[in-house]
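1. need a structure here:
(one chain, ligands or ions: 2)
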Amino acid sequence: MITFHNGRHAGHAGRLEMFRGELVPCFEVPARAEGVLHELRLRGLGPIEAPPAIDGALLATVHQPRYLEFLEGAWDEWVALAPGNDQRDALPSCWPVRHHRSDVVPANFAARMGLFSFDAGTPLTAGTWAAAREGAACALAAAHRVRDGARAAFALTRPPGHHAGADFFGGYCFLNNAALAAQALRDGGAGRVAVLDVDYHHGNGTQAIFYDRADVFYASLHGDPRTEYPFYLGHADETGAGDGLGHNLNLPLPRGTGYAAWSAALADALGAVQRAGAEALVVSLGVDTFDGDPISGFRLAAADYLRVGEALARAGLPTVFVFEGGYAVARVGELTANVLEGFEQAG
Ligand code: OKP
Ligand code: ZN
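-> Ligands and ions are numbered 1, 2, ... in the order given. Purely as a prediction, here's the structure:
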């Protein structure tokens with residue numbers, strides 16, 4: 001299968017993220033994507049290309065213009081704020097909650113950082129916007145290739161995307177690549193599209209973007225939000241709203257879940273994707289379900305990922321894979337390539 005690779009990803013290199021009251025080195029590092037790229041080349045899994053340039057207006061098919069405008073200028077604003085800021089990344093430290101207003105965009109930069117984010121673990125750096133925008137181009141290129149008849153395509157990019165909402169960043173994510181791919185498939189003629197999110201963490205951004213829509217079905221298997229990030233979304237009783245009622249499926253699983261229970265949930269999710277009448281599939285492909293992942297709690301083994309790819313292939317749908325999480329840096333390439341190879345060989 002063809003891979004669209006983000007040649008600008010390394011420009012997004014966060015230094016520190018807030019964790020338990022201290023700043024710790026970022027888990028979401030450039031070496032993750034390099035590891036995947038290396039393994040794809042090693043196995044000869046298909047052509048690896050840069051995506052064509054995109055019309056920036058395509059980002060607004062998923063994201064709010066006021067958010068895009070903020071992201072585009074944020075680094076320059078941060079640097080202009082105080083001498084030395086170019087030597088440290090920007091992190092938010094205050095947020096509106098509940099009854100606070102989100103309709104008025106503050107002039108203050110720190111206040112806007114908070115308005116447009118939901119955690120302090122997602123540093124915004126000099127290369128963040130360029131990397132995120134090129135990542136969106138990868139997702140769109142993969143979707144366009146599948147729209148044009150390819151069985152599958154892979155968007156190999158970071159930062160990841162599934163925690164990013166229409167107007168917020170967080171969870172290491174800025175632009176929602178999977179949502180952009182799903183929307184592109186819809187706009188390319190697919191009547192119904194499914195997003196299947198197999199990352200360890202619930203894709204709160206993707207869910208929120210499509211929550212009240214019947215044309216994009218979102219299904220996710222993830223660590224139970226009662227104990228796992230992103231905590232405030234991803235419960236089983238979130239089934240969609242309005243027109244979208246019945247078009248959202250969350251399958252939270254406890255920490256420690258191994259492949260037997262996880263793959264049973266995957267089969268349930270794939271059954272629901274079929275019943276939803278999806279004509280195309282977007283897979284949010286996080287491999288932080290691995291038992292060696294440093295920030296997650298499932299117990300999948302490396303060989304299990306081949307079976308995951310096979311199960312996804314059996315859905316028989318044109319498929320866009322979008323890279324999300326996976327933080328066991330030395331193993332991420334192997335795990336990701338296993339999914340793609342399992343998928344290809346089941347074809
Ligand atoms: C992004 B993706 C670790 C705290 C966890 C956020 C996790 C974001 C995961 N020290 N912070 O879904 O893989
Ligand atoms: Zn994750």
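
2. and the residue in the stretch 51-200 of the chain that ligand 2 sits nearest to, which of the three is it?
-> As assessed by C-beta to the ion, ligand 2 sits closest to Asp199 within the stretch 51-200 of the chain, at 4.1 Å. Bear in mind the C-beta positions are built from the backbone N, C-alpha and C, glycine included. Secondary structure assignment for Asp199 (DSSP: H, G, I helix; E, B strand; the rest coil): coil.

3. ends of stretch 189-197, what's the gap?
-> Terminal residues of stretch 189-197 lie 22 Å apart, using C-alpha to C-alpha, to the nearest Å.

4. ranges for the helices of this protein?
-> Along the chain, the stretches classed as helices by DSSP state H are 30-43, 65-81, 109-115, 128-147, 177-187, 204-210, 259-275, 304-313, 332-345.

5. list the contacts for the residue of the stretch 51-200 of the chain closest to ligand 2?
-> Applying C-beta atoms under 8 Å, 6 or more residues apart in numbering, we find Asp199 in contact with 160, 162, 220, 222, 284-286, 288-289, 324-325.

6. mind redoing it with 6 Å?
-> Neighbouring residues of Asp199 by C-beta atoms under 6 Å, 6 or more residues apart in numbering: 284, 286, 324-325.

7. re earlier: got the helices of the chain as CSV, with mean neighbour count, mean pLDDT and distance to ligand 1 columns?
-> Below are those laid out as CSV (neighbours: other C-beta atoms under 10 Å; pLDDT from 0 to 100; distance: least, C-beta to the nearest ligand atom, whole Å):
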stretch, mean neighbour count, mean pLDDT, distance to ligand 1
helix 30-43, 19, 98, 10
helix 65-81, 16, 98, 18
helix 109-115, 19, 98, 17
helix 128-147, 26, 98, 14
helix 177-187, 28, 99, 11
helix 204-210, 26, 99, 9
helix 259-275, 16, 98, 16
helix 304-313, 21, 98, 16
helix 332-345, 22, 98, 11
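
8. ok, Phe217 touching Ala276?
-> Yes - with contact defined as C-beta atoms under 6 Å, Phe217 and Ala276 form a contacting pair (4.0 Å).

9. kindly report the residues of the stretch 201-347 of the chain close to ligand 2.
-> 201, 286, 288, 325 (C-beta under 5 Å from the ion).

10. what residue of this protein is the furthest out?
-> For the chain, the largest distance from the centre (C-alpha atoms, centre = their mean) belongs to Pro83, which lies 33.5 Å off.

11. please report how far that one lies from ligand 1.
-> 30 Å (C-beta to the nearest ligand atom, to the nearest Å).

12. repeat for Gly44
-> 27 Å.

13. cool, and Arg151?
-> 26 Å.

14. what's near enough to touch that residue?
-> For Arg151, no residue meets the contact criterion (C-beta under 6 Å, 6+ apart).

15. can you list phi and psi of it for me?
-> phi -70, psi -40 (degrees, to the nearest 10).

16. quick one on the thing from earlier: can you report phi and psi for the residue farthest from the centre of the chain?
-> Dihedral angles of Pro83 (phi, psi; degrees, to the nearest 10) stand at phi -60, psi 140.

17. out of the residues of the stretch 201-347 of the chain next to ligand 2, flag the one nearest to Asp119.
-> His201 (11.7 Å; C-beta to C-beta).

18. what is the burial count for the closest one?
-> 29 (other C-beta atoms under 10 Å).

19. ok, and the closest non-adjacent residue to the residue of the stretch 51-200 of the chain closest to ligand 2?
-> Leaving aside its sequence neighbours, Asp199 sits nearest to Gly286 (C-beta to C-beta, 6 or more residues apart in numbering; 2.5 Å).

20. verify the stated contact: the one you found with Phe321.
-> No - the criterion here is C-beta under 6 Å, and Gly286 misses it with Phe321 at 10.9 Å.

21. residues contacting Gly188?
-> Arg147.

22. in this structure, which residue sits nearest ligand 1?
-> Nearest residue of the chain to ligand 1, counting by C-beta to the nearest ligand atom: Gly325, 2.0 Å away.

23. not counting sequence-adjacent ones, nearest residue to that residue?
-> Spatial nearest neighbour of Gly325, excluding adjacent residues (C-beta to C-beta, 6+ apart): Gly286 at 3.7 Å.

24. now the helices of the chain in TSV, with distance to Trp95?
-> What follows is the helices of the chain, written out as TSV (distance: least, C-beta to C-beta, whole Å):
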stretch	distance to Trp95
helix 30-43	27
helix 65-81	15
helix 109-115	4
helix 128-147	19
helix 177-187	22
helix 204-210	15
helix 259-275	31
helix 304-313	35
helix 332-345	30
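
25. please name whichever of those is nearest to Gly21.
-> helix 109-115 (18.4 Å).

26. the closest one packs against which elements?
-> Here helix 109-115 is seen to pack against helix 65-81 when contacts are counted using 3 or more C-beta pairs under 6 Å, 6 or more residues apart in numbering; DSSP states H and E.

27. what does the helix it packs on rub up against?
-> Contacts for helix 65-81 (C-beta under 6 Å, 6+ apart): 59, 85-86, 90, 105, 109, 112, 116, 124, 126, 129, 167.

28. measure Asn204 to Tyr229 for me?
-> Counting by C-beta to C-beta, to the nearest Å, the gap from Asn204 to Tyr229 is 9 Å.

29. Val193 too?
-> From Val193 to Tyr229 the distance is 26 Å (C-beta to C-beta).
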